[in-house]
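> no sequence on this one, just coordinates:
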Ligand SMILES: Cc1cc2nc3c(=O)[nH]c(=O)nc-3n(C[C@H](O)[C@H](O)[C@H](O)COP(=O)(O)OP(=O)(O)OC[C@H]3O[C@@H](n4cnc5c(N)ncnc54)[C@H](O)[C@@H]3O)c2cc1C
Ligand code: SF4
């Protein structure tokens, strides 16, 4: 059956009430059903016929996918976020803002209030790429074709790192935070539950051009877990409040868990990132014990500038080191014709993020 452009093929809408039921329904007709959470991306994909599911399996009626569990008192303190948690809930939650300020900031910087109210953390991490050629009628590599139209086309928003025939970037503002924050991704499929390191959730272009993530067919992302750091004495030199920016009023964050997220977009109020950065530091006194940096909008997966991380880890941050880390973050960049600006943008974002954590 053919359908006009912008009109989805008819589909059934089914609402399972448990993850096991959702997985079983998916496997009744493998490849023919598609999960839907907020629907912000699914509906666009289905309307454009990039996917033609006969059934949409609505995850929103599954109570086990909801809620934010905070276990700070445990020997391994953690915060576990159900996959259906909306971006607005993340931005507003007091514990997320206190212990994971980078996550609260990233959520508050996604699109508009309407989109934050429907978009879920699970759907945000698993959303498709936004390359305009992919979303349009071009039969490029990612659609099984033999050409990348962006490579010598309009590529202002494309990758500067790790492009490999395809130059899409991860569009998710939450993705660099889960990678820099070394989160665990809980998933469940027909073989039961398993856990993936956040860094391994995203698919490099060099491994598979057709997918943005590594979930097996029919697997449900159930939760995202952050292991927050063991409490340490707060730093003495602590004049500035690392508050949340954007529409949410700032509250003091716990300086034992320093993290920051900064996004640069064409229109700051409502746009996907041209580049963004999340940085998590683990400090002992003034010395940085560990440092994880992840950049979004510059590669198909959140990109870790490891040379910059190496410079920062084990050091006491000062301005020279921060500037050196910014420069190191751009090592290996291979800009396309129209996106060389991203190289200096990455440098500035990393410098700004480290300066903010060092105030
Ligand atoms: C106009 C516009 C602007 C936007 N701007 C931004 C932005 O600036 N920054 C940003 O980060 N995002 C942005 N987004 C994306 C948005 O924030 C949502 O994250 C996105 O719509 C997907 O979330 P969702 O819950 O709606 O997922 P859905 O659209 O329901 O699902 C997305 C994908 O994930 C799968 N899926 C969803 N949940 C699960 C699960 N639990 N297990 C397995 N599979 C699952 C679906 O099958 C689908 O493939 C924008 C979206 C729009 C439409
Ligand atoms: S960047 Fe990737 S998705 Fe975009 S046109 Fe090239 S191959 Fe297609």
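Received the coordinates, thanks. Just so it is clear, the model here is predicted, and its values are computed rather than measured. Ligands and ions are numbered 1, 2, ... in the order given.

> any idea how far residue 194 is from ligand 1?
Note on residue 194: its distance to ligand 1, by CB to the nearest ligand atom, to the nearest Å, is 13 Å. Quick note: C-beta positions are derived from backbone N, CA and C, even for glycine.

> is it true that residue 22 touches residue 56?
No. Counting by CB atoms under 8 Å, residue 22 does not reach residue 56; the two are 11.3 Å apart.

> Alongside ligand 2, which residues does the stretch 51-200 of the chain contribute?
The stretch 51-200 of the chain comes close to ligand 2 at residues 131, 133-134, 140-142, 148-150, 158, 166-168, as judged by CB under 6 Å from any ligand atom.

> that older thread, need the residues touching each of residue 22 and residue 56.
residue 35 (CB atoms under 8 Å, 6 or more residues apart in numbering).

> more neighbours, the two?
residue 22 (24 against 21; other CB atoms under 10 Å).

> from what I can see, the more buried one looks like it's in a helix, true?
Yes. Counting by DSSP: H, G, I helix; E, B strand; the rest coil, residue 22 is part of a helix.

> what sits against it?
Counted by CB under 8 Å, 6+ apart, residue 22 has contacts 16, 35, 57, 59, 62, 220.

> How about residue 68?
Taking CB under 8 Å, 6+ apart as the definition, contacts of residue 68 comprise 79-82, 85, 89, 93, 95-96.

> want to throw those into JSON lines with pLDDT?
Output for those, formatted as JSON lines (pLDDT from 0 to 100):
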{"residue": "79", "pLDDT": "96"}
{"residue": "80", "pLDDT": "98"}
{"residue": "81", "pLDDT": "98"}
{"residue": "82", "pLDDT": "98"}
{"residue": "85", "pLDDT": "98"}
{"residue": "89", "pLDDT": "98"}
{"residue": "93", "pLDDT": "97"}
{"residue": "95", "pLDDT": "93"}
{"residue": "96", "pLDDT": "95"}
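
> Pull out the buried members of these.
Burial by neighbour count, judged by 16 or more other CB atoms under 10 Å, picks out 79-82, 85, 89, 93, 96 from these.

> From the contact counts, what lies against the helix or strand where residue 102 lies?
Remark: residue 102 resides in helix 101-108, with elements defined by DSSP states H and E. Helices and strands touching helix 101-108, by 3 or more CB pairs under 8 Å, 6 or more residues apart in numbering; DSSP states H and E, are helix 87-92, helix 94-99, helix 175-180, strand 259-265, strand 273-284.

> Can you mark which positions in the third one are buried?
Looking back up the chat, that one is helix 175-180. For helix 175-180, by 16+ other CB under 10 Å, it's 175-180.

> quick revisit: return the most buried member of the helices and strands packed on helix 101-108.
helix 175-180 (a mean of 30; mean count of other CB atoms under 10 Å).

> And that helix, how far out from the chain middle?
Here the centre of helix 175-180 is set off from its chain's centre by 6 Å, with CA atoms, centre = their mean, to the nearest Å.

> before we move on, what about stretch 306-317?
23 Å.

> gap between the two ends of that stretch?
17 Å (CA to CA, to the nearest Å).

> Could you do stretch 169-178 as well?
Stretch 169-178 end-to-end distance (CA to CA) = 16 Å.

> Please see if it touches ligand 1.
Yes. Applying CB under 6 Å from any ligand atom, one finds stretch 169-178 in contact with ligand 1 at 171-174.

> How about the contacts made by residue 141?
If you count contacts by CB under 8 Å, 6+ apart, then residue 141 has 147-148, 165-166, 209 around it.

> Tabulate those in JSON lines, adding columns for pLDDT, secondary structure and neighbour count.
Below are the contacts of residue 141 laid out as JSON lines (pLDDT from 0 to 100; DSSP: H, G, I helix; E, B strand; the rest coil; neighbours: other CB atoms under 10 Å):
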{"residue": "147", "pLDDT": "96", "secondary structure": "coil", "neighbour count": "14"}
{"residue": "148", "pLDDT": "97", "secondary structure": "coil", "neighbour count": "25"}
{"residue": "165", "pLDDT": "95", "secondary structure": "coil", "neighbour count": "14"}
{"residue": "166", "pLDDT": "97", "secondary structure": "strand", "neighbour count": "23"}
{"residue": "209", "pLDDT": "91", "secondary structure": "coil", "neighbour count": "19"}
